[in-house]
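**Student:** this one's structure only:
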């Protein structure tokens, strides 16, 4: 409490940032987003025709990658462009959920130094008002007041710097996951649309018999 009442919003921001970081660390684990071998397993299901609605629902609830692949399988009998459009639509929702709370973390990284600076300015104003009212008095006491005011700035930076670093880290992790999910979705799309059995060639018609009979 040496920094005064301005430390209260800084402490609240630090608690919120810590909660977001812990939650995102659990949610954005690679095994939770991209289960190993899931893409190949789903492609084998598609080849074998093991695609009943309950199976697809379980797949969609398993992970973000599973939700993306299940969306493609749900419209597997449609033209390629429609399947691709469904993948893109579902992908936007999946990415939005993976980026949940990251904007809040970025906001904390932005306002942390501002809150610290605000507390410092308020503390200095209060100190100079006391000097104007009662004179300089004890210089050591004045120096101590300046130190207490600067605690807010140090606290704001202590909250903002880790929040900014972790915000950029989670953003880059989500971007990497998006690339990997796009690869898996493209491989499944190719399996659904490019490996269809080729059409059986039509037999050539036998030449018509000659109209001229034997002489």
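**Tutor:** Happy to help now that I have it. Model, not experiment: these values are computed from the prediction.
**Student:** ok, now which ones touch residue 38?
**Tutor:** Neighbouring residues of residue 38 by Cβ atoms under 8 Å, 6 or more residues apart in numbering: 62, 63, 65, 66, 69, 184. C-beta: built from backbone N, CA, C; applies to glycine.
**Student:** what about 10 Å?
**Tutor:** Residue 38 makes contact with 59, 62, 63, 65, 66, 69, 184 under the criterion Cβ atoms under 10 Å, 6 or more residues apart in numbering.
**Student:** How about residue 40?
**Tutor:** By Cβ under 10 Å, 6+ apart, the neighbours of residue 40 are 184, 187, 188.
**Student:** mind listing what's buried in stretch 35-50?
**Tutor:** Residues 38, 39, 42, 43, 45, 46 are the ones in stretch 35-50 that count as buried (16 or more other Cβ atoms under 10 Å).
**Student:** now, which of those residues sits nearest residue 155?
**Tutor:** Closest approach to residue 155 among these (Cβ to Cβ): residue 38, at 44.1 Å.
**Student:** distance of that closest one from residue 176?
**Tutor:** To residue 176, residue 38 is 17 Å away according to Cβ to Cβ, to the nearest Å.
**Student:** can you pull out the helices in the chain?
**Tutor:** Using DSSP state H, the helices of the chain run over residues 7-27, 30-33, 38-48, 53-62, 64-74, 80-98, 102-134, 139-193.
**Student:** what ranges of the protein fall below the confidence cut-off?
**Tutor:** 1-4, 50, 130-145, 147, 195-215 (pLDDT under 70).
**Student:** One more pass at 90, please.
**Tutor:** 1-10, 39-60, 62, 74-80, 115-156, 190-215 (pLDDT under 90).
**Student:** Residue 158 touches residue 108, doesn't it?
**Tutor:** No: using Cβ atoms under 10 Å, residue 158 makes no contact with residue 108, being 11.9 Å away.
**Student:** residues shared between the contacts of those two?
**Tutor:** 10, 14.
**Student:** So between the two, which is more surrounded?
**Tutor:** Taking other Cβ atoms under 10 Å, residue 158 and residue 108 do not tie; residue 108 has more neighbours (23 against 14).
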